[in-house]
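In: What would the 3D arrangement of this be:
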Amino acid sequence: MKNRQSGIVVAYLLVAISLLSVVTLAYSKIARSSSLSQWNQDTKTALLDQVSLIRGRIIACATMYPSGDSVNHVRFPTTPTVALVSDLTCPGSPSTNTNLWSGTGGLPLPAMPSRFRPWTYTYVSGGTMSITTTAALGTSDSAAMGVLDAVASRIGSSATRSADQLVIKLMN
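Out: Have a look, this model is predicted:
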């Protein structure tokens, strides 16, 4: 009789362990989904904030120094025609350090969210300016692609996602 009772106790213990395993697995999936959702939201917000900051700094440069540089009278960063946003300079600034981010009145450019490459700036003669970021892992990173889609959707017609890149026209 004792063997039978101990067998029943062991069976109940195994059932309890199995149930605990199922609950733990379900909780871990929920937690993972929640943390990915939080990452998506945080990253989308960070990229949107950066776009606004970059656009604002470029406009502030043109507003503070409306005559632009003394040679070409260009008010917006134009050289080089493709550059990292972190390297942009304000052409009309009389300061020796004209960098938009570390020069006179500069605001620090926030670090890029993980899984994205730094913003690049493109200037096309005639005044078209855009910034571009790329998902570091390419199109195989579905979470990053989702964030790029969400940012493009939020910005509207001036933003385009193509493959693993997000291009945002600042002015044209």
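In: which SSE is the most centrally placed residue in the chain in?
Out: Most central in the chain under CA atoms, centre = their mean is L47, positioned 3.6 Å from the mean C-alpha point. Here L47, judged by DSSP states H and E, is contained in helix 2-64.
In: Look up how far S86 lies from the closest residue to P110 other than its chain neighbours.
Out: Counting by CB to CB, 6 or more residues apart in numbering, Q50 is the residue found nearest to P110 once chain neighbours are left out, at 6.0 Å. C-betas here are computed from N, CA, C, even on glycine. Here Q50 is placed at a distance of 11 Å from S86 (CB to CB, to the nearest Å).
In: Now do the shared contacts for those two.
Out: L109, W119 (CB atoms under 8 Å, 6 or more residues apart in numbering).
In: neighbour-wise, which of those two wins?
Out: Q50 (21 against 18; other CB atoms under 10 Å).
In: List the contacts of that one.
Out: Q50 neighbours (CB under 8 Å, 6+ apart): L109, P110, M112, W119.
In: Sweet, I'm off.
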